[in-house]
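1. take this sequence and fold it.
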Amino acid sequence: MPKEITPYKNSTLSKKEQVAKMFDTISGNYDSLNRVISFGIDVKWRKKVLQLVAKTNPENILDIATGTGDLAILLAQTKAKKIIGLDISAGMLEIGEKKIEARHLSQTIEMVLADSENMPFEDNFFDAITVAFGVRNFEHLEKGLSEILRVLKPNGIFVILETSVPDKTPYKQGYNFYSKNILPMIGKLFSKDDVAYGYLSESAASFPYGEALNNILRKTGFINVEALPQTFGVATIYTASKKQY
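-> Okay, the predicted model is just below:
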């Protein structure tokens, strides 16, 4: 299991509570900071997630750790009847709801404040489930993945977009320098929360990726697990499905 990394050192709050607090604090700057930190490449990665999900023609989609709703809004292009964006940060969801309303998507996308490890949905409910840059924030990774498996329909698609660490020179060295030095500096310049982008960098570096995460997904019960590295390995898209009973 991955080492637990939390945003606030020596805090009495649980990791879940700390993550919610952190994202509430940075919610107003989150979208613009994401574009700066990733040089806009995160938009390209999300479009690849859209393509993978759209191929399955889903009617009901769940976007976990939806944040301000970037991926949920993009997934509206699938023509799904219903998309639910779930997050534990009320601040992030508030920003997301404004974006959804501005795009006249309120009839399609519903934002829900809830815990990904204890979701208020029936078994076998969603045709597709996505998580973009969120699984490393789960307090209990396998519990969260098991809950996702529970609410995913048999033969449904599960797609994760998450940061990873390049393993080839010179990309590995460049990534390590950027994530340890530049990313936290940018976060401190633009965010009210000094710890947020230090945590995001540290948690990304320590989180299992590639075959390690594939194996956790298989252990949880997912099938057809595949890892698709993006942009020299600085991010990875994982796809998986649920067996037909």
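
2. how about the contacts made by residue 243?
-> When contacts are counted by Cβ atoms under 8 Å, 6 or more residues apart in numbering, residue 243 is found next to 154, 155, 221, 223. Bear in mind the C-beta positions are built from the backbone N, C-alpha and C, glycine included.

3. quick check: the third one touching residue 148?
-> It refers to residue 221. No - here residue 221 does not reach residue 148: they are 10.1 Å apart, not a contact under Cβ atoms under 8 Å.

4. show the subsequent helix or strand relative to the lowest-mean-pLDDT helix or strand in the chain.
-> Of all helical and strand segments in the chain, the minimum by mean pLDDT, DSSP states H and E falls on helix 183-190, at a mean of 72. As assigned by DSSP states H and E, the chain's next helix or strand after helix 183-190 is helix 196-206.

5. and that next one, what does it pack onto?
-> Here helix 196-206 touches helix 15-26, helix 183-190, going by 3 or more Cβ pairs under 8 Å, 6 or more residues apart in numbering; DSSP states H and E.

6. what about it, distance to the chain center?
-> Averaging C-alpha positions (Cα atoms, centre = their mean, to the nearest Å) puts helix 196-206 14 Å from its chain's average.

7. pLDDT weak spots in the chain?
-> 1-3, 190-194, 197 (pLDDT under 70).

8. could you pull out the helices in it for me?
-> 15-26, 30-38, 41-54, 70-75, 90-102, 141-151, 171-177, 183-190, 196-206, 211-220 (DSSP state H).

9. list the buried residues in the fifth one.
-> Read that as helix 90-102. Within helix 90-102, the residues that count as buried by 16 or more other Cβ atoms under 10 Å are 91, 92, 93, 95, 96, 97, 99, 100.

10. the first one too?
-> The neighbour-count criterion (16+ other Cβ under 10 Å) identifies 15, 16, 17, 18, 19, 20, 21, 22, 23, 24, 25, 26 as the buried residues of helix 15-26.

11. what is that helix packed up against?
-> Right, helix 15-26 is packed against helix 90-102, helix 196-206 by 3+ Cβ pairs under 8 Å, 6+ apart.

12. nearest to residue 31, out of those?
-> Among those, helix 90-102 comes nearest to residue 31, with 7.5 Å by Cβ to Cβ.

13. dump the closest one to CSV, keeping only the CA atoms.
-> Output of helix 90-102 as CSV, limited to C-alpha atoms (Å, rounded to 0.1, in the frame of the first residue of the first chain):
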residue,chain,number,x,y,z
ALA,A,90,-18.0,22.3,-1.2
GLY,A,91,-15.9,25.1,-2.4
MET,A,92,-14.8,23.3,-5.6
LEU,A,93,-18.4,22.2,-6.3
GLU,A,94,-19.6,25.8,-5.9
ILE,A,95,-17.2,26.9,-8.7
GLY,A,96,-18.3,23.9,-10.8
GLU,A,97,-22.0,24.7,-10.5
LYS,A,98,-21.4,28.2,-11.8
LYS,A,99,-19.5,26.8,-14.8
ILE,A,100,-22.2,24.3,-15.5
GLU,A,101,-25.0,26.9,-15.3
ALA,A,102,-23.0,29.2,-17.7
